[in-house]
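Chemist: Whatever this is, show me its structure:
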Amino acid sequence: MADKHSFDIISKINLQQLDDAINQALREISNRYDLKDSKTTLEFNNTDNILTLESENDYKLTAAKDIFNNHLIKRKISIKAFNFHDPEKATGSRIRQKATVQQGIPQEKSKEIVKFIKSLNTKTQAQITGDSLRVTGKKIDDLQTIIQELKNSSIDCAMSFENFK
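Modeler: Model (predicted):
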């Protein structure tokens, strides 16, 4: 039996699953009667990690965003990983909305997570390692409690838990 147990808190999106969600959302948008002729687009720029939605008006943009969110949920991708900006005018009467995709946990969110873990008063240690966190402790039950509390917390950050040893 190991003396110390650990797990990592990370925030990485599977780009293949994201691509599948985009393609399925576009297919559904092209088949829906109220969005069929809207020429709605949904594009992901892999180098900048920016998602762009574009449509004819606010209603159609919101509907396309809802469809996309549903497909993200079906593919088990956290909606918290997308930081949507305010809609802006595009060419003509079209409207565009961009979203930055979170890859890795930002430094300020990491500090917030460490503070939250310390407030649970378990005999564990959390340390920031780049864009992820490692939590170590002697008892597996303490680590499982931390995972459950983080899932139920109001921290606005996409988190997944890996390398549970």
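Chemist: Ile128 reaches Lys109, doesn't it?
Modeler: No. With the criterion set as C-beta atoms under 8 Å, Ile128 and Lys109 do not qualify as a contacting pair; they are 10.2 Å apart. C-beta here means a position set from N, CA and C on the backbone, and glycine is covered the same way.
Chemist: More neighbours: the two, which one.
Modeler: More crowded of Ile128 and Lys109, by other C-beta atoms under 10 Å: Lys109, with 19 against 15.
Chemist: Helix or strand next in line after the helix or strand where the more buried one lies, which one?
Modeler: If you go by DSSP states H and E, Lys109 is part of helix 107-119. Later in the chain than helix 107-119, the nearest helix or strand by DSSP H and E is strand 124-129.
Chemist: Pairing partners for that next one, with directions?
Modeler: Strands flanking strand 124-129 in the sheet, each with its direction: strand 132-137 (antiparallel) (DSSP bridges).
Chemist: Please list the residues outside the partner strand that contact it.
Modeler: Contacts to strand 132-137, defined as C-beta atoms under 8 Å, 6 or more residues apart in numbering, come from residues 4-11, 104-105, 110, 113-114, 117, 122-127, 143, 146.
Chemist: List buried members of those residues by neighbour count.
Modeler: By the neighbour-count criterion of 16 or more other C-beta atoms under 10 Å, these include these buried positions: 5-7, 9-11, 105, 110, 113-114, 117, 122, 124, 126, 143, 146.
Chemist: What ranges in the protein fall below the confidence cut-off?
Modeler: Segments of the chain classed as low confidence (criterion: pLDDT under 70) are 1-2.
Chemist: residues touching the residue nearest to the spatial centre of the chain, list them.
Modeler: To find the centre residue of the chain, average its C-alpha atoms and take the closest one (C-alpha atoms, centre = their mean): that gives Ala81, at 2.0 Å. For Ala81, the contact set (C-beta under 8 Å, 6+ apart) comprises 11, 13, 101-102, 158.
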